[in-house]
Structures are given as C-alpha cells and as structure tokens.
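Asker: Okay, here's the prediction I keep looking at, along with the sequence it came from:
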Amino acid sequence: MKFNTKQTTTNLAGGSAYKMLPWERVMTFAFSNFIEDKYYESANSGLERFVEDYAELCKQDTDLAINICLFTRNEMLMRSTSYVMAAELARNVKGDPRIKDVIKSICWTPRDMKEILAYHLNTYGKPIPNSMKKGLAAALSKFDEYSLAKYNNKDGAVSLKDIINLTHPTPKSPEQGALWKRVLEDKLTTPITWETELSANGNTEEAWAKVIESGNLGYMAALRNLRNIAQNASSYLAEVLEQLTDRKNIKKSNQLGFRYVSAIEAITDADLDYSTKQTIINNLKTAYNRNIENLPRLEGRTCVLIDASGSMNCLISSNSTTSIYDIACLLGGTVGKMSDDVAFYAFGTDFRSLVVDPNNFNPFSLSAHIGAIRRDISSATYLYKPLEHILNRREKYDRIIIISDMQAYTDDYCDCGNLAQSAINKYRQSVNPNVWIHSLDLAGYGTSAVDLNSKTALLSGWNERILKLLPLLETDKNSLLNTLRNYSSQF
C-alpha cells in the first residue's frame, strides 16, 4: 500500500478539488444521474467513468458493490444507474448466487428487465451471463398479465418476447406457462392504461374517465398528467388531487421529490384559470410536505449554501424541464423545513443571503427567493465567497450544508489552493471547532469541493430520503457507508 499519495486534484471546471474513494465516486454518480449529458461531461464519458469505477469496486469489495446497486434502485429510486450496476455485477462477479437475487430485487416492473438486458446487449453483445439469465427469469415470475401487457411495447431494442427466448424461464404453474405463451404469441389482453386509452380515443374526457374509473391511473401517471386532466377532464380533477395527497398513496408511490416540481411547472404554464392553478399547486405542495413529514429534525443552527451557478442549469434528462438547480432549491428548502434555525445563501460569481419568513416557509420557497437575485450573483462557482463571509462575520452554525455540483473554482483560476477549504479551516479555528460540513453532491463528477475529513460528511442524491442521514452522520461520520454495508440483509 502506498501512503505518500496526493489527495488533491483538479475538477472538471479546472478548480482545486479533492479525490474521492472508489465507493464514493460510484455512490455519488449512482445517486444523482440519469446518465444524460451534463454541463461538464457527456453521457458517454460519464458512463465510461462510472463503469470503470464500479468494476474496480466489484473487485475490491463485492459486498459493497452489490449493496450500492440495491440501495440505488430500492431507496434512492434511481433506475438507469442501477441497471448498469446490475449488468456489470453479472459480468464482473462470477459464480455468486446473490447476483440473481439482486437483479430480481431491482426489477420493479417489466421495463426494468428490458433495460438491464438492453444495456448488456448494446454494450457487450452475447453471450449473456448466466446470473443475468437467472435473475431476469426470476423477475419475470413476479409479473401478472396486466403488468406484462402494459410494458409489452415494441419500441425498444429488447422485448419481453426476447427475454423469454433468451432466459428460458421455468413457469411455476400451468397458468404462468400459458401467460408466457401469450407473450410469445402476442395475445396478451390489452390493458386499460392512460397510454392505450389516449392512443385509441384521444385526449378526451371519455378516455380519462375510463382510466380513472378503472382504478388504473397510477400515482406517477396522475402526477405527470395533471395538466391534461385539468384541461380535458376537469370533472375528475378533485378525485385525482385526493389521490395525490393521500398519505398511503404517497408512501406507496415512491416518488422522487422533484417530480412535484415538474408538475408545478407544468401547471404554472398551463392554459387554466388562476383559481384552478392555485388549487392544484397547493395540493402538490401538500403532497410533498406529507412526503417529507417523517424526516428528522436538525437541532441548533444550520447554514445552507445553494449553488446557483450556470453549470447547475443542466437538465436532468433530455425529456425533462427540471434542472439540477431545481433539485438543489427543493432539497435546500427541505433542509429548511427540518431545521430549528436556518440561514440560506445562494452563490455563483457573487453570493446573497436569502431572507425568508419562517412562519410562511415551505420547501418550494427557495426557488422564488433565489430566482429574484440569481442574475445579480452571475454564473461562476465561487463557493469560497459565502464561506469567507460567514467566517468574517463570525456567524456561528452547528452545521453548514453545501448543495452543489461540486465544480467550484476561484477568480481567474488563481494558484492559491482551495479557498473554500481554507475558509472552513479558519472557521473551525476561530468560530466553531465542532462545526459539521455536509457536502451534498448533485452531479457525481467524481471529485469533492472540500476535504472529506473527520467532521466533513459526503452525501449525494436527487432523493430527499438521503437527508435522513444528516443527524446520524453527526454522531458517526461513517453512517452512510455503514447503511450501505448493512443494506443487503434487507432483500
């Protein structure tokens, strides 16, 4: 083992940064990526780097590699990166019976099976690893005719028919065998879904009525189609809003919080009267607040630094209007709801303190507050400026939470080291030696903006669930790693 190694590096923006361990690079990418083009990295470059890091982790620590895959899909609700990890596990870890169970576990829908197999065939071709065949066959047994028919579209490179032909699953009953035969013969009963009904009957009240009255309008489908329903099936709007705000439905839905942001944006731009818009938006805010109501409290004083730089504008997907910046605002606002006493700063080339009304604050408030001053702070990523400000003003906090893509740099890329870390070191020396720094990485570029030392914790993810770990990390910095290590016992 080499001990005399340099821990600093240069990030993709050209700034001074800190290296991450392999599992940290894997985790930050897996928890915050749909594997799309980003500001500093193309989808292909990011994927290549991720696969290389994950292959290394599979060799170094197979158990942890397995658990990160499971946690990514089943807790962080990230699909694309979990597909890659499942396929790479099957390719890199031979003869381990757990790989079959991992693949079965992360296949929540037939779509998941098709994506895992498509990734492998597109990347490596045939043959298909035996553990992948076994995992896909086991997953296939979980789904009834409605689920199989719903995802039996032919627009992808891999179909359900391909999965059956390539994996040769053994049916558990004659009925299941007959079901799979209908898949092969294209004789599945057409399901009632919003896609099939709108395709057959158009975007009409009659089509929406059939889907809603059948009970087949799922939570995410309702969330994504609120504008359509409000405009074309308004008599059903109250029923759908009741579905979206029901606590049991929220818990079962497993929605990423930013989906509510996307829905609010769609309603804001819709051709609806003001009263209807506000009713829908207020219900969406209620749904999200119910989604986070079990998050723990953060005692003491909290400072949240929101990265409002230009690189945060990259969209999470080519099919989305939601950006990493939108997620940063929502997560920052969620931290605000969790906190006893909180201060907010937005930073870019400059920074601004955000004045919020604690009696009229909700997690969606930050976006409007920052939007009002974002042009003034401009587009660079000078993380050190708000840190130096709270140092100079001797503002005492129990924790400082940085929400960013972590591609920070300094004026004119001066050769002056990491000014953000320097400000943190001075803050600990002269203001609060016990302050915790939480680095919440929203892009997974593979480097840290701050030194991950004894009282600095690394988090990542587009899912507000990750915030549950904040108080745990302040009692044990290894809480995230321990959570990941112990996770496989739950599947």
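Answerer: Now that the structure is in, tell me what you want to look at. Residues are numbered from 1 along each chain as shown.
Asker: which SSE is Leu272 in?
Answerer: Assessed by DSSP states H and E, Leu272 sits outside every helix and strand.
Asker: so what's Ala200 up against?
Answerer: Ala207 (C-beta atoms under 8 Å, 6 or more residues apart in numbering). Quick note: C-beta positions are derived from backbone N, CA and C, even for glycine.
Asker: likewise Val355?
Answerer: His369.
Asker: Quick check: it vs Thr170, distance?
Answerer: According to C-beta to C-beta, to the nearest Å, Val355 stands 64 Å off from Thr170.
Asker: what's the answer for Phe143, then?
Answerer: Phe143 is 15 Å from Thr170, by C-beta to C-beta.
Asker: Between the two, point out the one with more neighbours.
Answerer: Between Phe143 and Thr170, counting by other C-beta atoms under 10 Å, Phe143 is the more crowded of the two (20 against 9).
Asker: secondary structure element for that one?
Answerer: Using DSSP H and E, Phe143 falls within no helix or strand.
Asker: ok, for it, nearest residue in space, not its chain neighbours?
Answerer: Pro110 (5.5 Å; C-beta to C-beta, 6 or more residues apart in numbering).
Asker: show me what contacts the one you found?
Answerer: So Pro110 contacts Leu140, Phe143, Ser147, Leu148, Lys150, Tyr151, Asn152, Leu160 (C-beta under 8 Å, 6+ apart).
Asker: Quick check, Ser367 in contact with Leu330.
Answerer: Yes - Ser367 is in contact with Leu330 according to C-beta atoms under 8 Å; the separation is 7.5 Å.
Asker: what do those two both touch?
Answerer: With C-beta under 8 Å, 6+ apart, Ser367 and Leu330 have common neighbours Val261.
Asker: Would you mind telling me which of those two has more residues around it?
Answerer: With other C-beta under 10 Å as the criterion, Ser367 and Leu330 differ in neighbour count, and Leu330 comes out ahead with 25 against 21.
Asker: Could you double-check that the more buried one sits in contact with Phe258?
Answerer: Yes - shown here, Leu330 and Phe258 form a contact pair, counting by C-beta under 8 Å, at 6.0 Å.
Asker: any shared contact partners between those two?
Answerer: By C-beta under 8 Å, 6+ apart, no residue touches both Leu330 and Phe258.
Asker: how close does the residue nearest to Phe143 get to Lys154?
Answerer: Pro110 is 13 Å from Lys154, by C-beta to C-beta.
Asker: any idea of the pLDDT on Gln7?
Answerer: With respect to pLDDT, Gln7 has a value of 88.
Asker: do the same with Asn360
Answerer: Confidence score, pLDDT, at Asn360: 83.
Asker: what's the burial count for it?
Answerer: For Asn360, using other C-beta under 10 Å, the count is 7.
Asker: Can you report phi and psi for the residue of the chain most remote from its centre?
Answerer: Outermost residue of the chain with respect to the C-alpha centroid, by C-alpha atoms, centre = their mean, is Pro174; its distance is 40.0 Å. Main-chain dihedrals, Pro174, degrees, to the nearest 10: phi -60, psi -30.
Asker: tell me the domain ranges of this protein?
Answerer: Residue ranges for the domains of the chain, per automatic domain parsing: 15-184, 194-291, 298-490.
Asker: could you dump the ones you listed to a markdown table with distance to Thr8?
Answerer: Listed next are the domains of the chain as a markdown table, based on distance: least, C-beta to C-beta, whole Å:
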| stretch | distance to Thr8 |
| --- | --- |
| domain 15-184 | 6 |
| domain 194-291 | 33 |
| domain 298-490 | 7 |
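Asker: how far away is Ala118 from Tyr54?
Answerer: From Ala118 to Tyr54 the distance is 18 Å (C-beta to C-beta).
Asker: Repeat that for Asp340.
Answerer: Distance from Asp340 to Tyr54, by C-beta to C-beta: 39 Å.
Asker: Which one's more surrounded, those two?
Answerer: Tyr54 (25 against 11).
Asker: any idea how far the residue nearest the centre of the chain lies from Ser323?
Answerer: Per C-alpha atoms, centre = their mean, the C-alpha nearest to the average position across the chain is that of Trp462, at 3.2 Å. Applying C-beta to C-beta, the value for Trp462 to Ser323 is 11 Å.
Asker: what do you get for Glu41?
Answerer: With C-beta to C-beta as the criterion, Glu41 and Ser323 are 15 Å apart.
Asker: go on, Ile377?
Answerer: Taking C-beta to C-beta, one finds Ile377 at 16 Å from Ser323.
Asker: out of those two, which sits in the more crowded spot?
Answerer: In this view Ile377 and Ser323 are compared by other C-beta under 10 Å, and Ile377 has more residues nearby, 21 against 18.
Asker: Just give the nearest non-adjacent residue to the more buried one, would you?
Answerer: Ile377 sits nearest to Gly348 (C-beta to C-beta, 6+ apart), 4.1 Å away.
Asker: and that neighbour, backbone torsions?
Answerer: Residue torsions, per degrees, to the nearest 10, at Gly348 are phi -150, psi -120.
Asker: how many neighbours does it have?
Answerer: Gly348 has 26 nearby residues by other C-beta under 10 Å.
Asker: looking at it, it is touching Ile306, isn't it?
Answerer: No - with contacts counted by C-beta under 8 Å, Gly348 stays clear of Ile306, the gap being 9.8 Å.
Asker: can I get the CA coordinates of stretch 69-84 in CSV?
Answerer: Output of stretch 69-84 as CSV, limited to C-alpha atoms (Å, rounded to 0.1, in the frame of the first residue of the first chain):
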residue,chain,number,x,y,z
CYS,A,69,-26.8,-1.3,-6.6
LEU,A,70,-29.7,-2.4,-4.4
PHE,A,71,-29.8,0.9,-2.4
THR,A,72,-29.7,3.0,-5.6
ARG,A,73,-32.8,1.4,-7.0
ASN,A,74,-34.8,0.5,-3.9
GLU,A,75,-34.1,3.5,-1.7
MET,A,76,-32.8,6.3,-3.9
LEU,A,77,-35.3,5.3,-6.7
MET,A,78,-32.7,5.7,-9.5
ARG,A,79,-33.3,3.4,-12.4
SER,A,80,-30.6,3.9,-15.1
THR,A,81,-27.6,3.6,-12.9
SER,A,82,-29.0,0.6,-11.1
TYR,A,83,-29.5,-1.1,-14.5
VAL,A,84,-25.8,-0.5,-15.3
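Asker: residues of it that come out buried?
Answerer: 69-84 (16 or more other C-beta atoms under 10 Å).
Asker: distance between it and the chain's centre?
Answerer: Stretch 69-84 sits 9 Å away from the centroid of its parent chain (C-alpha atoms, centre = their mean, to the nearest Å).
Asker: again with stretch 254-266
Answerer: 12 Å.
Asker: Identify all contacting residues around it.
Answerer: In contact with stretch 254-266 (C-beta under 8 Å, 6+ apart) are residues 77, 219-220, 223-224, 226-227, 281, 284-285, 287-288, 291-292, 316, 320-322, 326-327, 330-331, 334, 363-364, 367, 462-464.
Asker: before we move on, the earlier item: common neighbours of Trp462 and Ser323, please.
Answerer: Ile316.
Asker: Quick check: bridge partners of the closest residue to Asn313 other than its chain neighbours?
Answerer: Among residues not flanking Asn313 along the chain, Ser323 sits closest, at 5.2 Å (C-beta to C-beta, 6+ apart). Taking DSSP bridges as the rule, Ser323 bridges to Leu315.
Asker: Let me know the distance separating Ser323 from Pro471.
Answerer: Distance from Ser323 to Pro471, by C-beta to C-beta: 29 Å.
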